[in-house]
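S.K.: model this:
(chains A, B, C and D)
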Number of protein chains: 2
Amino acid sequence: MESVPAISPMGTLQDVLEALSDPVRLEMVRRLAGAGEAIACADLYEGVSKSTASHHFKVLREAGLTERLHIGGQTYQRLRLDDLEGSFPGVVSSIVAAPREAGR
Amino acid sequence: MESVPAISPMGTLQDVLEALSDPVRLEMVRRLAGAGEAIACADLYEGVSKSTASHHFKVLREAGLTERLHIGGQTYQRLRLDDLEGSFPGVVSSIVAAPREAGR
DNA sequence: CGCCCAGTTCGACGGACATCGAACTTATTT
DNA sequence: AAATAAGTTCGATGTCCGTCGAACTGGGCG
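M.R.: Numbers count the residues shown, from 1 in each chain, chains lettered A, B, ... in the order given. Reported below is the predicted structural model:
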């Protein structure tokens, strides 16, 4: 078990920005931040297949943005906000707080 | 003259993140932020051709990150930090302030 | 005027990546 | 154990995008 690591070392700022540059992943992170706690995989995406979602989870995890948790047979993703703030203060928190459209 | 617009409407947060997800462009923005004022094109990049740099300038401009200035026959790029902070508070300022590697 | 320099535009090329379905794995349930 | 469900992995496919050189443009200058 645990063939897949639940957590990865924090990536570079570049890794984080590349991860967030995809609309699907940005939305995932937004939901995770909005919830403030771990969310079940299925509640994190719409409009893409399961395999695509799994791919995005992997990218987020390897960038250091999220970690995986197994609770009651289900898989949850948790935003590593504390670690992110420690490594890149304000970056993720301001991004998830920002409006989707430019507040003009 | 001015066949190319000097400034574009502020893009979405997605546009900004996509623009910053490229290492060359992130470095450009870093230099602009570090200088605190407009910088001549030639001082903004290394390792890529002139045409590639021009392409990146365009992407940054269209995302709303920069504007063009013409001073004494030379072209300068200026980071639109004020507008960016107004639209997406803290996003760009925290990114340029962040270390390249995760400060772990 | 003719030259050069700075920057943009235009194709073209190649690699990277988002996407999917299918097959596999693991755990839970009956 | 068999079956179902949840996620991951694997290939394949198509598209997007970063890159370049060459050609064009616009200015300054001798």
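S.K.: shouldn't residue A:25 be in contact with residue A:59?
M.R.: Yes. Using C-beta atoms under 8 Å, residue A:25 is in contact with residue A:59, at 6.5 Å. To be clear about C-beta, it is placed using only N, CA and C from the backbone, and glycine gets the same treatment.
S.K.: Tell me which of those two has more neighbours.
M.R.: Neighbours were counted for residue A:25 and for residue A:59 using other C-beta atoms under 10 Å in any protein chain shown; residue A:25 has more, 24 against 19.
S.K.: Check which helix or strand that one maps to.
M.R.: Assigned by DSSP states H and E, residue A:25 belongs to helix A:23-35.
S.K.: Settle this for me: residue A:66 is touching residue A:75, isn't it.
M.R.: No. If you go by C-beta under 8 Å, residue A:66 and residue A:75 don't touch, sitting 11.2 Å apart.
S.K.: now residue A:91: how far from DNA strand D?
M.R.: To DNA strand D, residue A:91 is 20 Å away according to C-beta to the nearest atom of the strand, to the nearest Å.
S.K.: which of residue A:66 and residue A:75 has more neighbours?
M.R.: Ranked by neighbour count (other C-beta under 10 Å), residue A:66 and residue A:75 place residue A:66 first, with 31 against 16.
S.K.: If I look at that one, what pLDDT would I see?
M.R.: You'll see residue A:66 listed with a pLDDT of 98.
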